[in-house]
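1. Sequence plus predicted model, see below.
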Amino acid sequence: MLGLLKLIQSIIKTLHSAGTPGQVALGMSLGSALGLTPLMNVHNLIIFSLLVLLNVSFGGGMLGWMLFVPVGFLLDPVFHAIGLELLEAPSLRPMWTTFTNTPILPYTNFNNTVVLGSVVGWMVLTVPIFFAARYGIAKYRATIGERVRQSRLYKAVTASQVYNIYRMFRP
Amino acid sequence: MNVKIFRWKAIGPLLLLFLILVVLIWIFAEPVARETTEEASTELLGTQVDVGVLDLHPRQAAVDLRRLQIAHPFVLTRNLIEAEEIRLKLNPEALAEKKLVIEQLNLSGMRFDTQRKTPARAPSREGFTGQVYRAVEQWANQFDVPLLSLTPIDTIRQLALNPEQLTTIKQAQAVLARTDSTRDALSEGFRKLDVRPTIDSARALVERLRATDAKALGLEGTKQAIESVRQTLKSVADARERLNVLEQNTTAAVKSLGEGVQLVNQATGKDVAFAKSLLKLPTFAAPEIGTALFGKVSIDRFKQAVYWAELAQKYMPPGLRPRATPGPQRLRASGETIEFPKANEYPNFLLERGTIDFVIGGTGPVQGAYQASVRGLTSAPALYGRPAVISAGREARGSAIAAIDVDAVIDHVTSKTVDSVNARLRGIDLPSFDLPGIPFSIAPGRGSSELAFTMKGSGIFGRWAVRSDQVGWIADTTGRALNDLERLVGRVVSGLKALDLVAELRGTISSPKLSVSSNLDQAIAKRLKAVIGEEVARAERMVRAKVDSLVADKVQPVRQRVAAVQAEANKRISGEKQRMDQVEKALNAELKRLTAGLAPGIRLPEIKL
């Protein structure tokens, strides 16, 4: 229940943030990596750092993460198949052999089928996610955005202490 | 418009976050590493592994483990190994490649086969070790270890046998059905062979030619006659070819029926054994007694060796091909993690050298300081290039009558894998064990024990020997009073102070053969034969007569029917052959006569078809 409330809070805050639809969409497409791929991996540390350092919507990133977690679980069998195909491809074997025998790189866990498959899957999906999110946010703001901004729920959310912290990271 | 790409003000919080992460790792690294080590080792070995304390020493690239316990996979109340302190010196270069290369392992305060404070968790049925555990249990259950029966002879009154339980009758019915179908098939074969028209036409030609004067035929007529004879001879030869094929088929079918009759005879032997088992007749065959007494305890020893050998086969595969293992356990799917071994690089796991010091205390003859060493234990033997070698023995040379020596070699460098272990224990207190089927336990006392086990590809060889001259016997009288035979066996065994047991395992892993012999079974067999031999023989004759009476009216017709089919088939084949021989001979004679008239004095070669 708490997760659901946070999700609603995040959606509301993000959709009405000062960021442009492009910034929010870019944040979402970066954040989708956290949801689509297994979280505890080195590449996600880089993604998180990018979300913080780049002038994109951090809230969009968190929203993308939360929205794509269930999608990631659902697509795990597909990611496994993609990863297995790539790792077992004879033409790529020399590359993987070098990769897994080079210092530091094995800690990326890219020799795991689900990790590799999901990262590749995210790379493929990130552009469609960006354009779809940008279109959706622009459409939302142009249609019902102002009415939501005037609602009591929105005011309650934005008045909370959490929102003040969040404002530090908004674009 | 000036587009801002970086959010400079976020660098501080991000660095702070990383700092918090580092502090958290610093605080929780050891407990997390300890739990991870326990989980990973438990999964790898298929038995509970507990680590009391784990200390990381990043500057020395070393790890200290204390109070390590590895539970016995088959006896959950005991530990296979306990170690007070273990120091692992790791290779930092390999760690950077996420590989665990232990340059030096020092293990001290080691004890074997100790009692656990709390029973270990049952081995997981999931994963590879679970599969191996189940497979080894099934492997052990395949041995047909008879139970030694000491039912008093005077309780054997009569035998109630249900004919439906006897395999002879089922086997006989099956052979009978096969006999009928074979007879029909042979009849059909003779019908299709149909050599009569060929023979009849050949006979008619011979008759016609005999009635003809070759000189009166003239040159052209003689040529035509010769051609007719040759054509007919060819037809006869074709028919003979078909007859040969039929003969081959008939021989195979008749042989198969003969084998069926043999199976019926064998089934009768099994039925007699089955009927004997219903009577629980005491056996006095020494090999059977040996297997009954020591089969289970021997299999338990070999079972453990097979378990560890199977794990070694899995974790130390030969070759350098990429190999997949299940990925880490997490909320998301584990997937598969694929290793890519590379020549001249470190394997994913390597224990280069391990030194294990342990002390056997007390006042026994084996007391003293011992040292064990491990070399080349690796997940990629082909990369390491040498077999893994494990050895253990006393540091100082001790007495010849008391010592512990262990040598093991795991050679998976090439696809021709060899796993072998030789353990020799002399002057040790041997554990007591129950003797199944008789209400006695044996306490071998102080003696020697040897275990040799080799698995070469799918072939296995195992030898377990126990020798002692301080054997004690414990009668289990808690359940019930002993009967006469049990008292007799008790008197026999209690007079024995020495035990000389040898159990051998041979064959392949899928088809192992166990043989057990000991001085005990020979003594029991001899005494039992002297006391109850005649009565048992009489009971056995009664059993055979009973089985024979039940199966005779089913088996005899089968034997007769099979014999009849065999005789009929042979008769028909030889009859057809004889007719063909006759007609062929007559045709050749006519051919010879005709060719002589055509060119007197010129001998044409005989046509062989």
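-> Now that the structure is in, tell me what you want to look at.
2. all contacts plus neighbour counts: C-alpha atoms, from now on.
-> Fine.
3. what does chain A put close to chain B?
-> Within reach of chain B by Cα under 8 Å from any Cα of the partner chain, chain A has these residues: A:38, A:49, A:52-55, A:73, A:76-77, A:80, A:84, A:87, A:96-97, A:100-107, A:111-114, A:169.
4. Among these, which are located in strands?
-> Assigned to strands by DSSP state E, none of these qualify.
5. Only the buried subset of these, as a ChimeraX command please.
-> Burial among those is assessed by 16 or more other Cα atoms under 10 Å in any protein chain shown; the matching ChimeraX selection reads:
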select /A:38,49,52,53,54,55,73,76,77,80,84,87,96,97,100,101,103,105,106,111,112,113,114,169
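6. could you pull out the strands for chain A?
-> Under the criterion DSSP E, chain A carries no strands.
7. State the distance from the residue of it positioned farthest from its centre to B:Ala96.
-> Most distant from the centre of chain A: A:Pro90, at 32.0 Å, with distances by Cα atoms, centre = their mean. Counting by Cα to Cα, to the nearest Å, the gap between A:Pro90 and B:Ala96 amounts to 26 Å.
8. do the same with B:Thr42
-> 25 Å.
9. Comparing the two, which residue is more hemmed in?
-> Using other Cα atoms under 10 Å in any protein chain shown, the more surrounded residue of B:Thr42 and B:Ala96 is B:Thr42, with 19 against 16.
10. For the helix or strand containing the more buried one, what is the distance to the chain centroid?
-> In the assignment (DSSP states H and E), B:Thr42 maps to helix B:11-45. Centroid separation for helix B:11-45 versus its chain: 46 Å, with Cα atoms, centre = their mean, to the nearest Å.
11. residue of the stretch 301-450 of chain B with the smallest distance to chain A?
-> In the stretch 301-450 of chain B, no residue comes nearer to chain A than B:Thr337, which is 4.1 Å away by Cα to the nearest Cα.
12. Could you verify my assumption that that residue touches B:Pro322?
-> No - B:Thr337 is beyond contact range of B:Pro322, at 10.1 Å (criterion: Cα atoms under 8 Å).
13. Just want to know which of those two has more residues nearby.
-> Each of B:Thr337 and B:Pro322 has its neighbours counted (other Cα under 10 Å); B:Thr337 has more, 22 against 15.
14. Kindly provide the distance from the residue nearest to the more buried one when sequence neighbours are not counted to A:Ile47.
-> Leaving aside its chain neighbours, B:Thr337 sits nearest to A:Asn112 (4.1 Å; criterion: Cα to Cα, 6 or more residues apart in numbering or on different chains). Here the criterion is Cα to Cα. By it, A:Asn112 lies 19 Å from A:Ile47.
15. Tally up the residues packed near B:Gln582, please.
-> B:Gln582 has 12 neighbouring residues, counting by other Cα under 10 Å.
16. Find me the pLDDT at residue 164, would you?
-> Going with chain A. Looking at A:Asn164, its pLDDT is 56.
17. That was the other one, I meant chain B.
-> Model confidence at B:Glu164, expressed as pLDDT, equals 78.
18. so it sits in a helix?
-> Yes - assigned with DSSP: H, G, I helix; E, B strand; the rest coil, B:Glu164 falls within a helix.
19. can you tell me which residues contact it?
-> Residues near B:Glu164 by Cα atoms under 8 Å, 6 or more residues apart in numbering or on different chains: none.
20. The helix holding B:Thr42 packs against which elements?
-> Here helix B:11-45 touches helix A:42-53, strand B:49-57, helix B:127-141, going by 3 or more Cα pairs under 8 Å, 6 or more residues apart in numbering or on different chains; DSSP states H and E.
21. Would you mind listing the buried residues in it?
-> For helix B:11-45, burial by neighbour count (16+ other Cα under 10 Å) applies to B:29-30, B:34, B:37-38, B:41-45.
22. and of the residues you listed, the nearest to chain A?
-> Sorting the buried residues of helix B:11-45 by distance to chain A puts B:Ala29 at the head of the list, at 15.2 Å, by Cα to the nearest Cα.
23. Quick check: the gap between that closest one and B:Val63.
-> Applying Cα to Cα, the value for B:Ala29 to B:Val63 is 12 Å.
24. Kindly report the same for A:Leu54.
-> Counting by Cα to Cα, the gap from A:Leu54 to B:Val63 is 40 Å.
25. ditto for B:Pro31
-> Distance of B:Pro31 to B:Val63, given as Cα to Cα: 13 Å.
26. B:Leu311 now?
-> 25 Å.
27. same deal with B:Lys342?
-> From B:Lys342 to B:Val63 the distance is 27 Å (Cα to Cα).
28. now B:Leu100
-> As judged by Cα to Cα, B:Leu100 and B:Val63 stand 12 Å apart.
29. go on, B:Ala71?
-> As judged by Cα to Cα, B:Ala71 and B:Val63 stand 22 Å apart.
30. just to revisit the earlier point, which residues are common contacts for B:Pro31 and B:Val63?
-> Contact with both B:Pro31 and B:Val63 is made by residues B:Leu54, according to Cα under 8 Å, 6+ apart.
31. Tell me which entries of the residues of chain A next to chain B lie within helices.
-> Within the residues of chain A next to chain B, residues falling in helices by DSSP state H are A:49, A:52-53, A:73, A:76-77, A:80, A:84, A:87, A:96-97, A:100, A:113-114, A:169.
32. Quick check: the farthest pair among those residues?
-> Distance extremes for those: the farthest pair is A:Thr97 and A:Phe169 at 40.8 Å, using Cα to Cα.
33. Check what pLDDT the nearest residue to A:Gly22 once chain neighbours are set aside gets.
-> The shortest distance from A:Gly22 to any residue other than its chain neighbours is 5.5 Å, reached at A:Arg134 (Cα to Cα, 6+ apart). As predicted, A:Arg134 sits at a pLDDT of 93.
34. repeat for the one 3 residues further on
-> Model confidence at A:Ile137, expressed as pLDDT, equals 89.
35. cool, the one 3 residues further on as well?
-> Note for A:Tyr140: predicted pLDDT of 86.
36. OK, contacts around B:Lys98?
-> Applying Cα under 8 Å, 6+ apart to B:Lys98 gives the contacts A:103-104, A:106-107, B:348.
37. Quick check: which of those residues has the minimum pLDDT.
-> Least confident entry in those, by pLDDT: B:Asn348, with 88.
38. right, and that one touches B:Val101 too?
-> Yes - contact criterion Cα under 8 Å: B:Asn348 and B:Val101 qualify, at 7.4 Å.
39. out of those two, which sits in the busier spot?
-> Set B:Asn348 next to B:Val101 and count neighbours by other Cα under 10 Å: B:Val101 wins out with 22 against 19.
40. wait, isn't B:Ile410 in contact with B:Ala388?
-> Yes - contact criterion Cα under 8 Å: B:Ile410 and B:Ala388 qualify, at 5.0 Å.
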